[in-house]
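1. can you look at this prediction? I've put the sequence above it.
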Amino acid sequence: MPYTSPADVDPPGNQRTAPAPRFRRARVLVPALLVAFWLAWTAWGGQTFANLSNVVSNDQATFLPAEAESTQALELQEEFSNGDAVPAVIIASLEDGELSEEDLTAAQDLAEDAGEIPGVSDVLPPQPSEDGEALQMTALLENEEDDDAALEELRELVSATFDDGTWQAHVAGPAAYSADLAEAFSGVDGLLLLVAVLVVLIILVAVYRSALLPFLVLLSSMGALCAAITVTYLMAQAE
């Protein structure tokens with residue numbers, strides 16, 4: 001006769017009863033609602049990544065007290081700046097010889113055509129160098145979302161004007177530097193994030209020796225990151 005533990009025998013008069021249907025539904029419904037809420041928050045937080053830069057400020061004065069001399073100096077410096085315009089400097093030099101009146105006239109026509117480009121607020125007139133072998137113009141680009149298009153159109157105009165083989169022309173300055181820098185590093189953030197996720201995934205697979213658990217860990221980490229980004233975005237927007 002097999003051995004039966006006293007714990008396996010119900011006391012006389014007692015019967016084991018199954019959980020109530022309402023309790024069973026609650027045990028399934030509550031975790032499902034929590035998972036759905038967490039996934040929805042993660043999806044919402046993921047969309048705020050692109051908007052976070054619109055509500056935060058990396059200005060040096062932000063990290064200093066309002067009464068600090070550096071903060072006051074930065075506020076006074078803004079009064080001497082030309083709004084939010086970003087300068088694009090056009091440099092053109094002759095391969096051989098000095099500038100002629102026709103060259104200066106062509107440069108002046110270029111300045112007038114550049115001023116008609118959407119996104120260009122003003123163009124300073126051409127300024128020849130002391131040796132007469134080069135000239136400089138400055139186009140002020142509006143600091144808006146379409147400033148990249150204005151810079152590209154300005155570069156095409158400069159290239160079309162000085163394309164006879166006797167000139168070397170380039171568009172430089174803060175506007176061109178920012179555009180070239182953004183193009184050089186475009187996609188780097190996504191690549192670094194992908195590499196980091198792959199490395200962490202390999203480590204988790206080696207540690208947990210499971211095919212499902214590492215993905216659950218990564219999913220919970222991404223959810224926590226999106227939730228933190230959402231809270232940061234709302235707090236910055238409220239200020």
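-> Arrived safely, thanks for sending. From a predicted model like this one, the values you see are computed outputs, not experimental measurements. Numbers count the residues shown, from 1 in each chain.
2. mind listing the helices for this structure?
-> 21-47, 69-78, 101-115, 147-161, 173-184, 188-208, 213-238 (DSSP state H).
3. what's the most buried one of the ones you listed?
-> The highest mean neighbour count among these belongs to helix 147-161 (a mean of 17), with neighbours defined as mean count of other Cβ atoms under 10 Å. No exception for glycine: its C-beta is placed from N, CA and C like everyone else's.
4. centre of the chain to that helix, how far?
-> Between the mean C-alpha location of helix 147-161 and the chain-wide mean there is a distance of 24 Å, by Cα atoms, centre = their mean, to the nearest Å.
5. got it, and stretch 93-112?
-> Its chain's C-alpha centre and that of stretch 93-112 lie 39 Å apart, by Cα atoms, centre = their mean.
6. show the end-to-end separation of that stretch, please.
-> The distance separating the two terminal residues of stretch 93-112, taken as Cα to Cα, to the nearest Å, comes to 19 Å.
7. which residues touch it?
-> Residues external to stretch 93-112 that are found in contact with it (Cβ atoms under 8 Å, 6 or more residues apart in numbering): 90, 92, 123-126, 128-129, 131-135, 137, 157-158, 161, 165-169.
8. switch the cut-off to 7 Å
-> The set of residues that contact stretch 93-112 without belonging to it, under Cβ atoms under 7 Å, 6 or more residues apart in numbering, is 92, 123, 125-126, 128, 132-135, 137, 157-158, 161, 166-168.
9. repeat that for stretch 169-178.
-> Stretch 169-178 has contacts (Cβ under 7 Å, 6+ apart) with 86-92, 141, 147, 151, 154-155, 158, 162.
10. quick one: least confident of those residues?
-> Taken together, the contacts of stretch 169-178 show their lowest pLDDT at D147, with 62.
11. format the contacts of stretch 169-178 as JSON lines; extra columns: distance to V55.
-> As requested, the contacts of stretch 169-178 are arranged in JSON lines below (distance: Cβ to Cβ, whole Å):
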{"residue": "V86", "distance to V55": "22"}
{"residue": "P87", "distance to V55": "27"}
{"residue": "A88", "distance to V55": "28"}
{"residue": "V89", "distance to V55": "32"}
{"residue": "I90", "distance to V55": "35"}
{"residue": "I91", "distance to V55": "37"}
{"residue": "A92", "distance to V55": "41"}
{"residue": "L141", "distance to V55": "24"}
{"residue": "D147", "distance to V55": "21"}
{"residue": "L151", "distance to V55": "26"}
{"residue": "L154", "distance to V55": "31"}
{"residue": "R155", "distance to V55": "32"}
{"residue": "V158", "distance to V55": "36"}
{"residue": "F162", "distance to V55": "43"}
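12. quick one: which of those residues is nearest to F49?
-> Closest approach between the contacts of stretch 169-178 and F49, by Cβ to Cβ: D147, at 22.3 Å.
13. let me see the contact set for I202.
-> Residues in contact with I202, defined by Cβ under 7 Å, 6+ apart, are absent; none qualify.
14. need the pLDDT of it.
-> What the model reports as pLDDT for I202 is 90.
15. could you measure from it over to A169?
-> Using Cβ to Cβ, to the nearest Å, one obtains 50 Å as the distance from I202 to A169.
16. related to what we said a few turns ago, filter the contacts of stretch 93-112 down to the buried ones.
-> For the contacts of stretch 93-112, burial is judged from neighbour counts taken by 16 or more other Cβ atoms under 10 Å, and it is met by 92, 123, 126, 128, 134-135, 137, 157-158, 161, 167.
17. just these: which are in strands?
-> In this view, the buried ones among the contacts of stretch 93-112 that belong to strands under DSSP state E are 92, 123, 126, 128, 134-135, 137, 167.
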